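In: generate coordinates for the sequence data below:
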Amino acid sequence: MKTVLVVEDEAVALEDLRDSLLEIDQDLEIVGVQTAMEALELLGARKSENRLDFDGIFLDIELPGMSGIQMLERLPKPIPPTILVTAHAMMALDAFGLGVIGCLLKPVDQQRLRRAYSQMKVIADAPKPNSKATAFESGSESRVLLRDRNGIHMVHVLDFTHLTEERGSTRIFFGNHSVVVPHRLGDMEAGLDREYFFRVNTSTIVNLDKVTHFTTSTTGLFVAGLPDGAEAEFSPDRSRVFQERYEL
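Out: The predicted model follows:
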């Protein structure tokens, strides 16, 4: 972790957040700006000069001229791991899936900031196998906000039981709920920890820790039993990969 961008329109709040971050990591380089346009220009300048991108962004949502969410929508993918800092949690919901990995409520609690920074650092320091954007640039320790007609859910990524392709979107299953997010399953897969998540066929990814049992079909393919009673049959090629991986 080297450099973070802090976007906050209130000068006092900007300095407070800068000081709090330096208490956590005194070697951190912090660049602070007060508008989304300044942030966009700075990010663009860094890219055009072939310099390193920011390793993370702390972003206020309510900014003059352009909101933090509008700024994220204009940034090219992949977006650096971003922590929203806001007084209005409800406004943060639409930003998840745009590189946002967490949300801090003002006034910012130092312990929560420390945890958020640690999460950002893990993601920023992780090796990137390619430049493909992912729907969740999140490690296995991350939490995400998901919204459906029944309300808002803050869900640990490892609590996902399985994910299925649904007309170009992805349905995420967790507990007794499921939520559709506007990302393709392949993009979701790229952001999930492969130690836990395994694609069993073209339309389904399962969390191996949540599988209740394995059986085999009449054709000899593996079938994963899921907590909600559903079953996911492996495709022939994924069944072979699974068998080789676990020496079955």
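
In: please name the bridge partners of the residue nearest to H177 when sequence neighbours are not counted.
Out: Nearest residue to H177 in three dimensions, chain neighbours excluded: H153, at 6.3 Å (CB to CB, 6 or more residues apart in numbering). Every residue, glycine included, has its C-beta placed from N, CA and C. Partner residues in beta bridges with H153: L146, with DSSP bridges as the criterion.

In: so what's H153 up against?
Out: If you count contacts by CB atoms under 8 Å, 6 or more residues apart in numbering, H153 has them with 145-147, 174, 177, 179.

In: phi, psi for L5 please.
Out: phi -110, psi 130 (degrees, to the nearest 10).

In: also A116?
Out: The phi and psi torsions at A116 (degrees, to the nearest 10) take the values phi -60, psi -40.

In: go ahead and confirm it touches L104.
Out: Yes. Contact status for A116 versus L104: in contact at 5.8 Å, counting by CB atoms under 8 Å.

In: looking at those two, which one has more neighbours?
Out: In this comparison of A116 against L104, neighbours counted by other CB atoms under 10 Å, the higher total goes to A116 at 23 against 20.

In: Provide a list of residues in contact with the residue nearest to I123 when sequence neighbours are not counted.
Out: Among residues not flanking I123 along the chain, P81 sits closest, at 4.4 Å (CB to CB, 6+ apart). Contacts for P81 were tallied using CB under 8 Å, 6+ apart; they are 55-57, 99, 101, 119-120, 123-124, 137.

In: now tabulate these in JSON lines and tack on distance to V206.
Out: Supplementary listing: the contacts of P81 in JSON lines, determined by distance: CB to CB, whole Å:
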{"residue": "D55", "distance to V206": "32"}
{"residue": "G56", "distance to V206": "30"}
{"residue": "I57", "distance to V206": "32"}
{"residue": "G99", "distance to V206": "25"}
{"residue": "I101", "distance to V206": "23"}
{"residue": "Q119", "distance to V206": "24"}
{"residue": "M120", "distance to V206": "28"}
{"residue": "I123", "distance to V206": "23"}
{"residue": "A124", "distance to V206": "28"}
{"residue": "E137", "distance to V206": "21"}
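
In: quick check: bridge partners of the nearest residue to V100 once chain neighbours are set aside?
Out: By the measure of CB to CB, 6+ apart, the closest residue to V100 outside its immediate chain neighbours is T82, 4.9 Å from it. Taking DSSP bridges, one obtains I57, V100 as the residues bridged to T82.

In: T82 - how many residues pack around it?
Out: By other CB under 10 Å, neighbour count at T82 equals 28.
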